[in-house]
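# sharing a model prediction with you, sequence too.
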Amino acid sequence: QVQLVESGGGLVTAGGSLRLSCAASGRTFSSYMMAWFRQAPGKEREFVAGIRWSGGNSYYADSVLGRFTISGDNAKNTVYLQMNSLKAEDTAVYYCAAGRLYHNIRYSENYDYWGQGTQVTVSS
């Protein structure tokens with residue numbers, strides 16, 4: 001049974017930092033794209049960042065480029081999202097996702113597995 005379990009969310013003031021973790025289990029994810037999406041109230045789920053386990057190539061939404069960093073620890077089967085210089089508009093539920101895809105990585109419908117989400121609230 002595949003599980004993605006997020007942790008690390010919370011309340012932070014603007015300009016602060018948080019690190020989210022996504023622990024993956026239940027199968028081998030070496031050929032998978034791992035990604036973070038977020039969904040704010042009243043808005044659609046949007047792509048934040050993605051990383052390919054093999055090769056380690058990473059991708060970012062323009063809105064977080066230079067502030068967020070995605071990384072993976074193969075030994076722990078865990079993906080991280082380091083979030084710096086947080087803004088009020090980063091407030092959302094953040095989801096970890098995994099999928100065997102090589103194209104259209106920014107589209108949530110292409111991912112096979114999802115975590116339950118973790119709330120990030122940035123106060124201004």
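All right, it came through fine. Numbers count the residues shown, from 1 in each chain.

# run through the strands of this structure in chain order.
3-7, 10-13, 18-25, 33-39, 46-52, 58-60, 68-73, 78-83, 92-99, 113-114, 118-123 (DSSP state E).

# bridging residues for Thr13?
Ser123 (DSSP bridges).

# list the contacts for the most centrally placed residue in the chain?
In the chain, the residue lying closest to the centroid (Cα atoms, centre = their mean) is Trp36, at 2.0 Å. Trp36 makes contacts with Leu20, Cys22, Val48, Ala49, Gly50, Ile70, Val79, Leu81, Tyr94, Tyr95, Cys96, Ala97, as judged by Cβ atoms under 8 Å, 6 or more residues apart in numbering. (Each C-beta comes from the backbone N, C-alpha and C, glycine too.)

# if we go to 6 Å?
Val48, Ala49, Leu81, Tyr94 (Cβ atoms under 6 Å, 6 or more residues apart in numbering).

# most neighbours among the residues you listed, which one?
Most neighbours among these, by other Cβ atoms under 10 Å: Leu81, with 26 neighbours.

# excluding sequence neighbours, find me the nearest residue to it.
Leu20 (4.3 Å; Cβ to Cβ, 6 or more residues apart in numbering).

# look up how far Tyr102 lies from the one you found.
Separation of Leu20 from Tyr102 (Cβ to Cβ, to the nearest Å): 24 Å.
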